[in-house]
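In: Take this sequence and fold it.
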Amino acid sequence: MSVQLDLERLEKAAEMLKSIAHPMRIAILNLIDQNERMSVTEIFEGVGINQAVASQHLRILKDRGILESKREGRQIYYSIRHEILGQILSCIEKCEF
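Out: Sure, this is the predicted structure:
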């Protein structure tokens, strides 16, 4: 029995995983996952970094299709775009290193 792999889909998955493979991005994603959606201010205060650093990580995650954003007045709110990422984050938390 042969399993045909969709290489394009696997490449997209690999790129997504590479994008989250940073301790601060994992922390940001965990925080957003616990709260469903958060503003930039809530995120940088929640993970204890300055706004410029948070914005840089958020831009990477958004550009790679991991996060989506919505402007409401002066605030931009971020949420996780794919439910499966919550399961991946849970799996990471369960790992013992």
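
In: Figure out the helix or strand that the residue most central in space within the chain lives in.
Out: With distances taken as CA atoms, centre = their mean, L29 lies nearest the centre of the chain, 4.2 Å away. Applying DSSP states H and E as the criterion places L29 in helix 23-35.

In: Toward the C-terminus from that helix, list the very next helix or strand.
Out: Once the chain leaves helix 23-35, the next helix or strand it forms, by DSSP H and E, is strand 37-39.

In: tell me the mean pLDDT over that following strand?
Out: Across strand 37-39, the average pLDDT comes to 96.

In: Pull out the buried residues from it.
Out: Residues of strand 37-39 classed as buried: M38 (neighbour count, 16 or more other CB atoms under 10 Å). The C-beta positions use only the backbone N, C-alpha and C, and glycine is treated the same way.

In: what's the answer for stretch 88-97, then?
Out: Buried-residue list, stretch 88-97, by 16+ other CB under 10 Å: I88, L89.

In: got a list of contacts for that stretch?
Out: For stretch 88-97, contacts defined as CB atoms under 8 Å, 6 or more residues apart in numbering pick out L17, I20, I26, L29, N30, D33.

In: So which residues of the protein form strands?
Out: Using DSSP state E, the strands of the chain run over 37-39, 67-72, 75-80.

In: Centre of the chain to the worst-scoring helix or strand of the chain on mean pLDDT, how far?
Out: Of all the helices and strands that make up the chain, helix 84-94 has the lowest average by mean pLDDT, DSSP states H and E, namely a mean of 76. Here the centre of helix 84-94 is set off from its chain's centre by 11 Å, with CA atoms, centre = their mean, to the nearest Å.
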